[in-house]
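Participant: Dropping the sequence and predicted coords here.
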Amino acid sequence: MVGHVGDVSHSALQAIVVGHVVAFRKQFNLAVRPSCRLRTEETRYRVPDILVMSKPFRRAEKAIFEVPVLVIEVLSPDDRMEAMLNKLREYEKLGVRHIILMDPEDRTTAVFVNGNLVLRDLSSLDLPGGGSLRFDSRQLLSQIDEE
């Protein structure tokens, strides 16, 4: 069973971020998929909290087979850091451009780059084709109390 099921702050942050990115989907030709199965290796699948794809992308009925532009994991009190790092490493190996870990309890954001998790506030994310998605991580985290 997934540890974060039912966690109020986890769910609130996931809804906030999905709503934010969905607002830009037409402008940047993106697809936003919360809790959607992603193939990371030939026989391995993960279910990121949020994944964002550039359209068009290959998919089957049960999984996405293309590399996401963005994967966001929302930390839950039950998450083990080693398991989370393994998941983030799989996304990096797959070639995901932006890998973000957000903590709704501590109100922090970290990016996973070159095998390292680095605390960093974000303001925007570069997209394939030259666009820039506004992504103010502090502002998004601050909305948790309003949900």
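Facilitator: Received it, and whenever you're ready, just let me know what you need.

Participant: make it CA atoms for all contacts and neighbour counts henceforth
Facilitator: Noted.

Participant: give me every residue that touches Asn29.
Facilitator: Shown in contact with Asn29 (Cα atoms under 8 Å, 6 or more residues apart in numbering): 54-55.

Participant: and what of Ala31?
Facilitator: Applying Cα under 8 Å, 6+ apart to Ala31 gives the contacts 22, 25, 52-55.

Participant: pretty sure it is in a strand, no?
Facilitator: Yes - per DSSP: H, G, I helix; E, B strand; the rest coil, Ala31 lies within a strand segment.

Participant: between the contacts of Ala31, which is closest to Val74?
Facilitator: The nearest member of those to Val74, counting by Cα to Cα, is Val52 at 14.3 Å.

Participant: tell me which residues form a beta bridge with the closest one?
Facilitator: Each beta-bridge partner of Val52 is listed here, defined by DSSP bridges: Val32, Leu70.

Participant: Can you tell me which residue is spatially central in this structure?
Facilitator: Among the residues of the chain, the one closest to the centroid is Ile72, at 1.3 Å (Cα atoms, centre = their mean).

Participant: any weak-confidence spans in this structure?
Facilitator: For the chain, the stretches with pLDDT under 70 are 1-6, 147.

Participant: if we go to 80?
Facilitator: 1-6, 58-61, 147 (pLDDT under 80).

Participant: Just the strands from it, written as ranges.
Facilitator: For the chain, the strands identified by DSSP state E occupy 30-34, 38-41, 44-46, 50-54, 70-74, 98-103, 108-113, 116-119, 124-126, 132-134, in order along the chain.

Participant: and of these, who's closest to Ala12?
Facilitator: Of all the strands of the chain, it is strand 70-74 that lies closest to Ala12, at 10.1 Å by Cα to Cα.
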